[in-house]
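J.: here is the input, now give the coordinates:
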Amino acid sequence: MEIREYIEEGKEARGRISEEEVKFLAGRIADSIKNGGKLVVFGNGGSAADSQHFAAELTGRFLKERGPFPAIALTTNTSALSAIGNDYSFDSVFERQVMALVKENDTVVGISTSGNSTNVIRGIEAANEIGAFTFGMTGKKGGKLLMVAGRTFQAHTDLTPIIQEVHIAFIHLVCMVLDTMI
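T.: Okay, the predicted model is just below:
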């Protein structure tokens with residue numbers, strides 16, 4: 001792939017982000033916060049970094065000065081990740097934390113570029129059982145996450161690095177809208 005081709009693919013994929021989807025997720029998170037809930041977010045690898053970035057933008061600030069919003073990335077507790085991975089399996093690392101930390105008023109976001117990460121799927125399924133609102137972020141094909149999340153945002157590309165770029169753009173847009181909502 002040539003540099004220009006990569007840039008164009010990324011531009012096109014970012015250009016297909018739906019304003020309605022951004023506002024929808026921001027609204028769900030705002031409703032959760034107003035009702036005493038929080039954002040819980042998780043993913044693997046680059047998606048773990050995006051999860052942490054999302055939570056940091058909300059607990060800190062994004063574009064405007066405001067109070068902190070309750071948000072947690074389940075990828076930050078290395079003791080929990082390694083203990084659960086060792087004692088159960090890596091497939092359980094988000095599911096067990098969701099079972100311990102998620103309440104009905106929470107919004108739970110699982111990020112998987114393929115949509116098929118077993119630990120993300122199981123985390124979303126556990127949140128569904130609790131009655132929390134679930135949202136998936138994935139790539140063009142969607143994977144199994146399309147079937148288990150209450151709603152899903154799909155980046156319109158098959159290239160993992162561009163999926164990740166689109167996800168962070170989507171997250172930033174959600175944070176921008178949240179800044180004006182609460």
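J.: find the centremost residue of the protein, please.
T.: V109 (3.8 Å; Cα atoms, centre = their mean).
J.: sheet partners, orientation included, of the strand or helix carrying that residue?
T.: Using DSSP states H and E, V109 sits within strand 107-111. The partner list of strand 107-111 in its sheet, established with DSSP bridges, is strand 39-43 (parallel), strand 133-138 (parallel).
J.: average model confidence for the longest one?
T.: Spelled out, it's strand 133-138. Mean pLDDT, strand 133-138: 98.
J.: residues in contact with H167?
T.: 47, 50, 111, 113, 137, 155 (Cβ atoms under 8 Å, 6 or more residues apart in numbering). Yep, even glycine has a C-beta here, placed from its N, CA and C like the rest.
J.: so what's the closest residue to the last one other than its chain neighbours up against?
T.: Which is A155. The shortest distance from A155 to any residue other than its chain neighbours is 3.7 Å, reached at V166 (Cβ to Cβ, 6 or more residues apart in numbering). Applying Cβ under 8 Å, 6+ apart to V166 gives the contacts 10, 13-14, 17, 155-157.
J.: residues in contact with stretch 80-93?
T.: So stretch 80-93 is in contact with 74-75, 96-97, 118-119, 122, going by Cβ under 8 Å, 6+ apart.
J.: mind listing what's buried along it?
T.: By 16 or more other Cβ atoms under 10 Å, the buried positions in stretch 80-93 come out as 80-81, 84, 91-93.
J.: tell me which two of the residues you listed sit farthest apart.
T.: A80 and D91 (14.5 Å; Cβ to Cβ).
J.: distance from the chain centre to the longest helix along the chain, please.
T.: When the chain is parsed with DSSP state H, its longest helix is helix 160-181. Computed by Cα atoms, centre = their mean, to the nearest Å, the separation of helix 160-181 from the middle of its chain amounts to 10 Å.
J.: could you give the angle of it to strand 39-43?
T.: Angle of helix 160-181 versus strand 39-43, following axes from the mean of the first three to the mean of the last three Cα atoms, to 10 degrees, is 170 degrees.
J.: send the alpha carbons of helix 160-181 over as PDB?
T.: As requested, the backbone C-alpha atoms of helix 160-181 are provided in PDB (Å, rounded to 0.1, in the frame of the first residue of the first chain):
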ATOM      1  CA  THR A 160      -6.700  -2.600  11.500                       C
ATOM      2  CA  PRO A 161      -4.600   0.600  11.900                       C
ATOM      3  CA  ILE A 162      -7.300   2.700  10.100                       C
ATOM      4  CA  ILE A 163     -10.000   1.000  12.200                       C
ATOM      5  CA  GLN A 164      -8.100   2.200  15.300                       C
ATOM      6  CA  GLU A 165      -7.700   5.700  13.900                       C
ATOM      7  CA  VAL A 166     -11.500   5.900  13.200                       C
ATOM      8  CA  HIS A 167     -12.300   4.600  16.600                       C
ATOM      9  CA  ILE A 168     -10.200   7.300  18.300                       C
ATOM     10  CA  ALA A 169     -11.900   9.900  16.100                       C
ATOM     11  CA  PHE A 170     -15.300   8.500  17.100                       C
ATOM     12  CA  ILE A 171     -14.300   8.600  20.800                       C
ATOM     13  CA  HIS A 172     -13.100  12.200  20.500                       C
ATOM     14  CA  LEU A 173     -16.400  13.200  18.800                       C
ATOM     15  CA  VAL A 174     -18.400  11.500  21.600                       C
ATOM     16  CA  CYS A 175     -16.300  13.400  24.200                       C
ATOM     17  CA  MET A 176     -16.800  16.700  22.400                       C
ATOM     18  CA  VAL A 177     -20.600  16.100  22.400                       C
ATOM     19  CA  LEU A 178     -20.500  15.000  26.100                       C
ATOM     20  CA  ASP A 179     -18.800  18.300  27.000                       C
ATOM     21  CA  THR A 180     -21.900  20.100  25.900                       C
ATOM     22  CA  MET A 181     -24.500  17.700  27.400                       C
END
